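Asker: Let me see the structure of the following:
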Amino acid sequence: MIEAFVELNPIVQALIGTLFTWGMTALGASLVFFVKGTNQKFLDSMLAFAGGVMIAASYWSLLAPAIEMAEGGPVPSWVPAVVGFLLGGFLLLLVDKMLPVINTDRYLHDIKDNKAKNRTALLVFSMTLHNIPEGLAVGVAFGALASGETGATLAGAVALAIGIGIQNFPEGTAVSMPLHRDGMGKMKSFLFGQFSGMVEPISAVIGAAAVIFIEPILPYALSFAAGAMIFVVAKEIIPGSHEKGNVNIASISLMIGFAVMMTLDVALG
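Answerer: Prediction:
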């Protein structure tokens, strides 16, 4: 089986690798089916946990790799991180301003509160956006094998896909649980949660096929996604987890979410 995988075209390898990462996102999102009842403290803590996961992922999965990739480039390594980060935040600010005029009821009609509906839309959008550069990174890693890039190895590309896949498990949970908290049914919460990882196979194929063109912009794309996620955490996730008065448990849950994601990122990085 391993020999058969080695013989595959790098684009197919990238697709298979990110089908695994998508599957791990779906597995994490499926935890919503095991939640019994609607205990508000638990649901608020899960929203805050999502915020902690997003903050940690923003640095260790996105900003730190972006800075590392930019080293030795035409501009100082911090420039792509700063530019991409701020642009990501500004995009989410624009999206937030546009949400009232976008018909989200078609998809989010079971969430009655408009504030919760906006939070849901921003959460799904930012997590999906975050998975695009991760998919591109896996695609570039496999595509580099075909381009003959020095230092590129199949083992390294596979390790990257496995690492991102394991990291995606809590990210899937971080999407589906808050959606259920805001009133969405379990099945629909799961579908939205796994959807955030669906973009990875698509972007991986693009990254593998266009490795020469994608690699230079990857630091900007990673940082862009980080800025979008931090904006959502600051504007919606943390205030939302506090609005029912469960401030202490939400704060602790955010720290636990951060610690879990940090541990996965550092251990698998």
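Asker: For this protein, just list every one of the helices.
Answerer: Secondary structure of the chain by DSSP state H: the helices cover 2-6, 10-29, 40-56, 64-70, 78-98, 105-108, 114-147, 154-181, 186-209, 211-214, 218-232, 238-242, 247-268.
Asker: and the closest residue to Leu62 other than its chain neighbours, how far is that from Ser126?
Answerer: Spatial nearest neighbour of Leu62, chain neighbours left out: Ala226 (3.9 Å); criterion: Cβ to Cβ, 6 or more residues apart in numbering. Where C-beta positions appear, they are placed from N, C-alpha and C, glycine not excepted. Remark: distance between Ala226 and Ser126 (Cβ to Cβ, to the nearest Å) = 10 Å.
Asker: Also Met177?
Answerer: Noted for Met177: a distance of 15 Å to Ser126, by Cβ to Cβ.
Asker: about what we covered before: turn the helices of the chain into JSON lines, columns for mean neighbour count.
Answerer: Listed next are the helices of the chain as JSON lines, based on neighbours: other Cβ atoms under 10 Å:
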{"stretch": "helix 2-6", "mean neighbour count": "9"}
{"stretch": "helix 10-29", "mean neighbour count": "23"}
{"stretch": "helix 40-56", "mean neighbour count": "24"}
{"stretch": "helix 64-70", "mean neighbour count": "20"}
{"stretch": "helix 78-98", "mean neighbour count": "18"}
{"stretch": "helix 105-108", "mean neighbour count": "14"}
{"stretch": "helix 114-147", "mean neighbour count": "24"}
{"stretch": "helix 154-181", "mean neighbour count": "23"}
{"stretch": "helix 186-209", "mean neighbour count": "23"}
{"stretch": "helix 211-214", "mean neighbour count": "17"}
{"stretch": "helix 218-232", "mean neighbour count": "27"}
{"stretch": "helix 238-242", "mean neighbour count": "20"}
{"stretch": "helix 247-268", "mean neighbour count": "18"}
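Asker: would JSON lines of the ones you listed with mean pLDDT be doable?
Answerer: Output for the helices of the chain, formatted as JSON lines (pLDDT from 0 to 100):
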{"stretch": "helix 2-6", "mean pLDDT": "78"}
{"stretch": "helix 10-29", "mean pLDDT": "93"}
{"stretch": "helix 40-56", "mean pLDDT": "87"}
{"stretch": "helix 64-70", "mean pLDDT": "89"}
{"stretch": "helix 78-98", "mean pLDDT": "91"}
{"stretch": "helix 105-108", "mean pLDDT": "66"}
{"stretch": "helix 114-147", "mean pLDDT": "84"}
{"stretch": "helix 154-181", "mean pLDDT": "86"}
{"stretch": "helix 186-209", "mean pLDDT": "92"}
{"stretch": "helix 211-214", "mean pLDDT": "82"}
{"stretch": "helix 218-232", "mean pLDDT": "91"}
{"stretch": "helix 238-242", "mean pLDDT": "91"}
{"stretch": "helix 247-268", "mean pLDDT": "90"}
